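Asker: Predicted model and sequence follow; I will ask about them next.
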Amino acid sequence: MTVRTVDDVTLRVAVIEALASLVKGDPEEALLWLGDFLLDHLMVPLTARQLWDFLRSKGFSPREGLDPALSERMRGLTNRYVNGVERARPTNLPIVARGEVDTVLAALTASDGPRVVAVTGKPGSGKSTVVAAAAAASRRWSPRSAPDSRPWASW
């Protein structure tokens, strides 16, 4: 195995080319934003989801036609499900906070919890609303949250 260093210019060009293949928009601008973000988060473990969320907040999105990371596909699927449940709900029927949402999320985020949770009930009992609320809350859950905290409780 050979290890060698590259100069700053070569590294910058390689990173910009990689960003150009991954991000819609100006890759040089994306690099500047990412540089600022990383400087603001030194010594903090970051996930791909956090980086993509930041880039989205600055107007960048994953380039179409590529196979995005699993987390990106799951994000799209979750958004479609939550939006579908919200659209199907009558506008004059308010969403009532359900304790079952906390139960589902607590089980799924527990260190020794199950990988899958089944929500069952009679037709019209609110299963889809509970699952959609749990999915919406999980979109904002951070893996850095303490395992015994309820990171979704304020959402």
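Answerer: That came in fine, so what should we check first?

Asker: who are the neighbours in contact with Met74?
Answerer: Not one residue lies near Met74 by C-beta atoms under 8 Å, 6 or more residues apart in numbering. (Each C-beta comes from the backbone N, C-alpha and C, glycine too.)

Asker: buried sites along the host helix or strand of it?
Answerer: Per DSSP states H and E, Met74 falls inside helix 70-88. Applying a neighbour-count criterion of 16 or more other C-beta atoms under 10 Å, the buried positions in helix 70-88 are 72, 75, 82, 85.

Asker: Reformat the residues you listed as CSV; add distance to Ser61.
Answerer: Converted to CSV, those look like this (distance: C-beta to C-beta, whole Å):
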residue, distance to Ser61
Glu72, 10
Arg75, 11
Val82, 19
Val85, 24
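
Asker: next SSE after the helix holding Met74?
Answerer: Assignment by DSSP H and E places the next element after helix 70-88 at helix 99-109.

Asker: Who are the packing partners of that next one?
Answerer: helix 127-139 (3 or more C-beta pairs under 8 Å, 6 or more residues apart in numbering; DSSP states H and E).

Asker: residues in contact with the helix it packs on?
Answerer: Here helix 127-139 has contacts from 75, 78-79, 81-82, 85-86, 88-89, 95, 98, 100-101, 104-105, 108, 119-121, 152, 155, using C-beta under 8 Å, 6+ apart.

Asker: got the CA coordinates for it in PDB?
Answerer: Output of helix 127-139 as PDB, limited to C-alpha atoms (Å, rounded to 0.1, in the frame of the first residue of the first chain):
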ATOM      1  CA  LYS A 127     -53.400   3.700  13.400                       C
ATOM      2  CA  SER A 128     -52.300   5.600  10.200                       C
ATOM      3  CA  THR A 129     -52.200   8.900  12.200                       C
ATOM      4  CA  VAL A 130     -50.100   7.300  14.900                       C
ATOM      5  CA  VAL A 131     -47.600   5.900  12.400                       C
ATOM      6  CA  ALA A 132     -47.500   9.100  10.400                       C
ATOM      7  CA  ALA A 133     -46.900  11.200  13.600                       C
ATOM      8  CA  ALA A 134     -44.100   8.700  14.600                       C
ATOM      9  CA  ALA A 135     -42.600   8.900  11.200                       C
ATOM     10  CA  ALA A 136     -42.700  12.700  11.100                       C
ATOM     11  CA  ALA A 137     -41.100  12.900  14.600                       C
ATOM     12  CA  SER A 138     -38.400  10.400  13.600                       C
ATOM     13  CA  ARG A 139     -37.400  12.600  10.700                       C
END
